[in-house]
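> Have a look at this prediction, sequence included:
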Amino acid sequence: MDKIIVLDFGSQTTQLIGRRIRDMGVYSEVIPGDTPLTNEILNSDVRGIILSGSPESVYTKEGAVPDQKIYTCGLPLLGICYGLQRMNHDQGGKVEPLPKREYGRIGVKINTKNSNTNNSNTTNSDLAARFLAGFAPSFTAWMSHGDTLTTLADGFREYGTSDTGYPAVVLHDAKPWFGIQFHPEVTHCEGGDEILKAFVFDVCGASKGWTMEQYVEEVRSSLAKRVGSNPVLLLISGGVDSTVAGALLLKTLKSDQVHLMYMDTGLMRKDETKTVKATLERLGAKHLHIIYCEEEFLGALKGLDEPEAKRKAIGDLFITIQEREVERLGLPDSCFLAQGTLYTDLIESGKGVGKKAHLIKSHHNVGSPLVDAKRRLGRIIEPLDKLYKDEVRRLGRIIGVDEEVVRRHPFPGPGLAVRILGEVTKEKCDILRDADAVYIEELKRRSLYDEIWQAFAVLLPIRSVGVAGDVRKYGWVLALRAITSADGMTADVYPFPTKDLLEISTLITNTVKDIGRVTYDISSKPPATIEWE
Ligand code: XMP
């Protein structure tokens with residue numbers, strides 16, 4: 001299958017490049033920008049390489065350097081922002097700081113006189129013309145850069161200039177090297193998709209081979225081959241990812257081989273355990289082990305109010321219970337362990353893809369002694385680890401997972417514990433569960449749920465005064481969160497229709513008696529994170 005490689009130099013929007021290309025039907029893989037490009041990586045499927053943006057500068061030691069093989073391998077290159085600066089710098093040109101950083105929407109004009117230039121290399125002039133055909137003569141681009149090209153390297157020529165007077169589109173006369181100073185992957189960039197398409201299809205000649213139906217078949221056949229007749233254990237959280245991973249196992253292997261384990265920590269959403277059980281049984285689960293451990297979790301959280309201490313207590317207890325219960329199941333050593341890890345989980349946990357990503361909160365999903373031991377033995381299966389969230393949803397639909405489950409918003413591993421600020425108690429879990437259920441139900445009823453990437457309620461550790469009838473009330477304060485996002489790495493506040501927000505607030509205070517006041521969280525990520533703890 002044709003493939004485009006994206007070298008990740010750490011820009012916030014690198015993952016979007018990969019996603020846009022997959023959305024066009026071409027497989028793309030994001031790898032750390034300084035990965036040595038072995039023959040295995042640069043195999044015959046690769047049609048082109050994209051160099052991403054970066055928060056660093058090419059002239060400092062922090063600026064990651066790609067394997068210089070990119071310049072001799074003959075593949076088409078597209079440098080985006082830092083990627084362009086990198087190519088220019090590596091080829092002997094000059095990159096210097098701008099007097100003032102440029103950020104946001106900036107106009108770009110294509111210089112047609114340059115695009116008509118007769119190149120000595122006709123193949124390349126043909127490629128250049130095909131690439132430039134993807135550009136409108138003038139358009140509003142989206143930029144975020146503190147450096148600019150001040151001297152073009154030999155062979156580079158400026159084909160587009162920003163309204164602020166800096167090189168915006170730069171092509172090489174003789175090689176299939178293309179550079180743009182702006183970010184076509186960002187939706188605010190006018191015609192961004194057309195530019196990426198021009199590179200992927202018209203320059204690289206990639207053909208569409210990435211369909212979810214085909215991917216499902218490939219994953220199922222490699223899963224069946226790898227597992228053979230051995231048993232597989234999957235830890236189910238109740239969320240989309242692990243449920244889809246479970247469905248994939250159940251639809252591929254014999255149901256007797258598949259062991260599903262789910263912990264009811266008492267920190268779950270309303271009726272979660274009931275729903276999980278019904279969903280998995282409908283999908284054919286025969287061995288579903290539900291562990292009721294609410295008391296243990298609430299006991300471990302008693303007296304803790306610091307976010308990382310709470311996360312650690314939950315993570316440690318997860319591991320203790322997991323080891324105890326797995327032991328109890330008595331599965332043989334040959335048993336595989338499956339996980340619903342996504343592409344973005346690997347990034348957010350600082351593992352694997354995108355070395356520049358840093359750890360902001362400790363996540364529990366990626367590692368545990370059991371996972372580490374199975375990984376050492378080569379007995380881990382992560383059938384979703386090449387997929388983004390929306391792709392997992394598509395896969396789920398194809399293999400028959402209920403729409404209600406597939407469209408469900410993400411839910412964090414530590415559950416309601418990170419949405420109850422301060423100490424967690426059963427009483428607070430029950431209040432939050434009720435309020436959250438009202439909120440989510442209303443979003444669905446008002447057809448707003450699918451417009452939002454993630455919505456939930458947060459119980460604040462404060463109470464405030466109000467009136468109910470003629471009686472003074474001293475109730476808890478609830479914050480509502482609703483964000484839009486591509487993959488949870490960055491997030492914008494959902495511009496809630498005021499009428500709906502006010503009506504939902506009233507409904508919550510009227511039906512959940514302990515809530516006295518409702519607020520709406522208007523912080524994006526960054527600087528805030530999606531969860532409050
Ligand atoms: P933050 O709060 O880091 O969240 O902006 C980004 C996304 O990750 C989810 N999240 C978690 N998911 N285990 C998970 O499985 C965790 O420990 C965890 N913490 C946050 C969060 O809900 C959002 O979708």
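Sure thing, it's come through. The model shown is predicted, which means the values in this text are computed figures rather than measured ones.

> ranges for the strands of the stretch 351-500 of the chain?
Ranges of strands in the stretch 351-500 of the chain, per DSSP state E, counting those that start in this stretch, are 380-381, 454-468, 471-484, 492-493.

> Nearest to the ligand, out of those strands?
strand 454-468 (5.3 Å; C-beta to the nearest ligand atom). In this view, the C-beta of every residue, glycine as well, is placed from N, C-alpha and C.

> and the strands of the stretch 351-500 of the chain, which is most packed in?
Greatest average neighbour count among those goes to strand 380-381 (a mean of 20), per mean count of other C-beta atoms under 10 Å.

> can you give me the helices for the stretch 401-533 of the chain?
403-406, 426-445, 498-511 (DSSP state H, counting those that start in this stretch).

> could those be laid out in TSV, adding distance to N39, mean pLDDT and mean neighbour count?
Below are those laid out as TSV (distance: least, C-beta to C-beta, whole Å; pLDDT from 0 to 100; neighbours: other C-beta atoms under 10 Å):
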stretch	distance to N39	mean pLDDT	mean neighbour count
helix 403-406	39	94	15
helix 426-445	50	98	18
helix 498-511	56	97	15
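
> With the ligand as the reference, measure out to V227.
25 Å (C-beta to the nearest ligand atom, to the nearest Å).

> hmm, I was thinking of L37
Distance, L37 to the ligand, by C-beta to the nearest ligand atom: 31 Å.

> and that residue, what are its phi and psi?
The phi/psi pair for L37 (degrees, to the nearest 10) reads phi -90, psi 80.

> Could you report the neighbour count for it?
20 (other C-beta atoms under 10 Å).

> May I have the residues that are in contact with it?
L37 makes contact with 66-67, 69-70, 73, according to C-beta atoms under 8 Å, 6 or more residues apart in numbering.

> Which secondary structure elements does the longest helix out of those in the chain sit against?
Counting by DSSP state H, the longest helix found in the chain is helix 307-329. Helix 307-329 sits against strand 232-236, strand 258-264, strand 287-292, helix 294-301, helix 369-376, with contacts defined as 3 or more C-beta pairs under 8 Å, 6 or more residues apart in numbering; DSSP states H and E.

> Among these, which comes closest to the ligand?
strand 232-236 (11.7 Å).

> Dump the strands of the stretch 351-500 of the chain into TSV; add distance to K254 as well.
Output for the strands of the stretch 351-500 of the chain, formatted as TSV (distance: least, C-beta to C-beta, whole Å):
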stretch	distance to K254
strand 380-381	15
strand 454-468	36
strand 471-484	41
strand 492-493	45
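
> Quick one, which of the ones you listed gets closest to G155.
Closest to G155 of these, according to C-beta to C-beta: strand 492-493, at 40.5 Å.

> So which elements touch that closest one?
Where contact means 3+ C-beta pairs under 8 Å, 6+ apart, strand 492-493 is packed against strand 471-484.

> what's the spacing between the nearest residue to C81 once chain neighbours are set aside and the ligand?
Leaving aside its sequence neighbours, C81 sits nearest to G53 (C-beta to C-beta, 6 or more residues apart in numbering; 3.6 Å). Distance of G53 to the ligand, computed by C-beta to the nearest ligand atom: 21 Å.

> how about G53, what does it touch?
Taking C-beta under 8 Å, 6+ apart, we find G53 in contact with 9-11, 13-14, 80-83, 144-145, 183.

> Using JSON lines, lay out the strands of the stretch 351-500 of the chain together with mean pLDDT.
JSON lines is the format used below for those (pLDDT from 0 to 100):
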{"stretch": "strand 380-381", "mean pLDDT": "94"}
{"stretch": "strand 454-468", "mean pLDDT": "95"}
{"stretch": "strand 471-484", "mean pLDDT": "95"}
{"stretch": "strand 492-493", "mean pLDDT": "94"}
